[in-house]
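In: Kindly generate the corresponding structure for this input.
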Amino acid sequence: MKTYDLLIIGGGPGGYVAAIKGAQLGLNVGLVERDKVGGACLHKGCIPTKVLIQSAHLYELCKRSKEYGVIIEDVSVNFSEFHRRKETIVKRLHGGVELLLKKNNVDVLRGTGRIVSPQKVLVKKNGKDQEELSTKNIIIATGSSPVVFDGIPFDKKNVLTSDEILELEEIPSSLLIIGGGSIGIEFAYVYNALGSKVTVIEMMEEILPTDDKDIGSALRKTLTKKGIKFLTGTTLDRIEIKDNAVETTVKKKDGGTELLQNEKVLLALGRRPETKDLGLEELNLEFNGKFISVNENMETSRSGIFAIGDVSGPPLLAHLASAQGLRVVNNIAGKETSPINKNSIPSVTYSNPQVAGVGMSQEEAEREGYKVKIGKFPFMASGKAQIMGEGEDGFIKVITDSITGEILGVHLIGYEVGELIGGMSLAINMEATSLEISNTIFPHPTLSEVFAEAFHAIEGKAIHI
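Out: From the prediction side, this is the model:
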């Protein structure tokens, strides 16, 4: 029987990162993966979707090229080349992860893992037992999959999830997206840019309902100008697949119903943890709803068994899974580490304009009892935004504690703001104050200058507005 210091079940961004770091710290690590290392993020989520978004954005820019003094005639889309580029990038990154695991002497075990006890894992392949492994510690990092509610005619051809829509060979004439969170909005942007008639329904009163309301409202208005139709405060009633269309009945907030006909329907209803067949029932692990309960060290109710990433609860973000994996293996190896600061976890929605945020929304801060001060600054007043000709309708919004100057939240909507938000995550982690950010020198001309301006704006003293 093989024996390990650490066995990880699931090779996504939480699992493979934990495996590499564990090996670097001198642990004997085994990684059980049923499919391809990299997980849903690399093969069905973060990476392939952003490749499509990049191509769609370039197509948009080409159609606007005259604004930049560049003449491009007869701009068109070769959708098969979108997919070719997507597959090339995913394959390259997948190969890189495989190489890193091999370089760090991680033992990759192909199959599914079932936990027999806190010290034993049974690996199966094609439903058959392969081998039993002994281990001192176990990390569950099996990720999540798209939610499909019972009663929905999910045929994977006309009614799709984010998995199947990535493989569409043709651009649909019309697309209904059920769910106005990040996944739904990103696909809405792509297919609208490519010429589809896109409608988004969202049961909450605003899209991106977990983001700051001002940001969600601004994004909805901008994407509406691009031609996307939004039905907020609207719920799904019925879906029926017809010969020539998918008929969907929705219920509106006023009690009325509306019949929608579209070529394709995308279910963007969220994701659920992948915990089936892990043997968790026999272990009597504690759960928080569908998610595995963990403490601040990501340890479950059974000593020596940890859970990271999507199986341990929201926010379901690849970078959070990686951070959790690093924390666990540092603890196992006896290295100094610190708890994850939940208020410093950034998030990005990769539409155009992008949305990025870290920390609390204004609504959350006020519910927590803070007396807040708000600063806003528009990208229209940014020289770099003008130069790029992008995101001029966007803005930055900062939320601070009026008493201490503590940064409670930073939220942006604009071109490539996802590249900016990491700096504010660092600032919150370092407990920087609004005064310290407003006194920081940012290079000119760059988009990053909006940080200083927004924090000056808290006192009504922004320079360029």
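
In: Helices of this protein, residue ranges please.
Out: According to DSSP state H, the chain carries its helices in the segments 15-24, 39-44, 46-63, 79-103, 162-165, 182-193, 213-225, 280-283, 318-332, 362-367, 383-388, 421-429, 434-438, 449-457.

In: Next one: the nearest residue in space to K252 that is not next to it in sequence from L267, what distance?
Out: Nearest residue to K252 in three dimensions, chain neighbours excluded: T234, at 5.4 Å (CB to CB, 6 or more residues apart in numbering). (Each C-beta comes from the backbone N, C-alpha and C, glycine too.) Look at T234 and L267: by CB to CB, to the nearest Å, they are 15 Å apart.

In: Mind listing the residues bridging to D107?
Out: According to DSSP bridges, the residues that bridge with D107 are G30.

In: Could you list which residues are in contact with the residue nearest to K252?
Out: T234 makes contact with I201, E202, M203, V250, K251, K252, K253, according to CB atoms under 8 Å, 6 or more residues apart in numbering.

In: Skip the chain neighbours and tell me the closest residue to the last one.
Out: Looking back up the chat, that one is K253. The shortest distance from K253 to any residue other than its chain neighbours is 3.5 Å, reached at G233 (CB to CB, 6+ apart).

In: Count residues in the vicinity of that neighbour, would you?
Out: A count of neighbours around G233, defined by other CB atoms under 10 Å, yields 14.

In: How about G389?
Out: Using other CB under 10 Å, G389 has 12 neighbouring residues.

In: For it, list the residues it contacts.
Out: Taking CB under 8 Å, 6+ apart, we find G389 in contact with R64, E67, Y68.

In: Highest neighbour count among those?
Out: R64 (14 neighbours).

In: Check the residue lying closest to it once chain neighbours are set aside and give its pLDDT.
Out: Once its chain neighbours are removed from consideration, R64 has its nearest residue in G389; the separation is 7.5 Å (CB to CB, 6+ apart). Predicted confidence (pLDDT) for G389: 93.

In: distance of G389 from Y415?
Out: In this view, G389 and Y415 are 9 Å apart by CB to CB.

In: and of the helices of the chain, who's closest to I241?
Out: Ranking the helices of the chain by their distance to I241 (criterion: CB to CB) puts helix 162-165 first, at 14.0 Å.

In: buried set for that closest one?
Out: Using 16 or more other CB atoms under 10 Å as the burial criterion, the residues of helix 162-165 that qualify are S162, E164, I165.

In: show me what contacts the last one?
Out: Residues near I165 by CB under 8 Å, 6+ apart: F187, K264, L266.

In: sorry, back to before: would you mind giving the buried residues of helix 162-165 as a markdown table with distance to L101 and pLDDT added?
Out: Compiled in a markdown table, the buried residues of helix 162-165 are given as follows (distance: CB to CB, whole Å; pLDDT from 0 to 100):
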| residue | distance to L101 | pLDDT |
| --- | --- | --- |
| S162 | 26 | 97 |
| E164 | 29 | 97 |
| I165 | 29 | 97 |
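
In: Let me know the closest of those to G422.
Out: Closest approach to G422 among the buried residues of helix 162-165 (CB to CB): S162, at 24.7 Å.

In: beta partners of the nearest residue to L231 once chain neighbours are set aside?
Out: Spatial nearest neighbour of L231, chain neighbours left out: I201 (4.5 Å); criterion: CB to CB, 6+ apart. In this structure, I201 has beta-bridge partners I178, L231, where bridges are defined by DSSP bridges.

In: Where does the record place the domain boundaries for this protein?
Out: Following automatic domain parsing, one gets these domains for the chain: 3-145+272-332, 159-269, 343-457.

In: Indicate which one of the ones you listed is closest to G151.
Out: With respect to G151, and counting by CB to CB, the nearest of the domains of the chain is domain 159-269 at 8.5 Å.

In: Between the two ends of that closest one, how far is it?
Out: 13 Å (CA to CA, to the nearest Å).

In: Would you agree I241 is in contact with D155?
Out: Yes - counting by CB atoms under 8 Å, I241 does reach D155; the two are 6.3 Å apart.

In: These two: which is more packed in?
Out: Each of I241 and D155 has its neighbours counted (other CB under 10 Å); I241 has more, 14 against 11.

In: Pull up the gap between the more buried one and P153, please.
Out: Noted for I241: a distance of 5 Å to P153, by CB to CB.

In: Please enumerate the shared neighbours of those two.
Out: In terms of CB under 8 Å, 6+ apart, I241 and P153 are both contacted by the residues V159.

In: number of nearby residues for G369?
Out: Tallying neighbours of G369 according to other CB under 10 Å, which is how burial is gauged here, yields 6.

In: Pull the contacting residues for it.
Out: For G369, no residue meets the contact criterion (CB under 8 Å, 6+ apart).

In: about what we covered before: number of nearby residues for the residue nearest to L231?
Out: Residues within reach of I201, counting by other CB under 10 Å, total 25.

In: Find me the pLDDT at I207, would you?
Out: Among the per-residue scores, I207 shows a pLDDT of 98.
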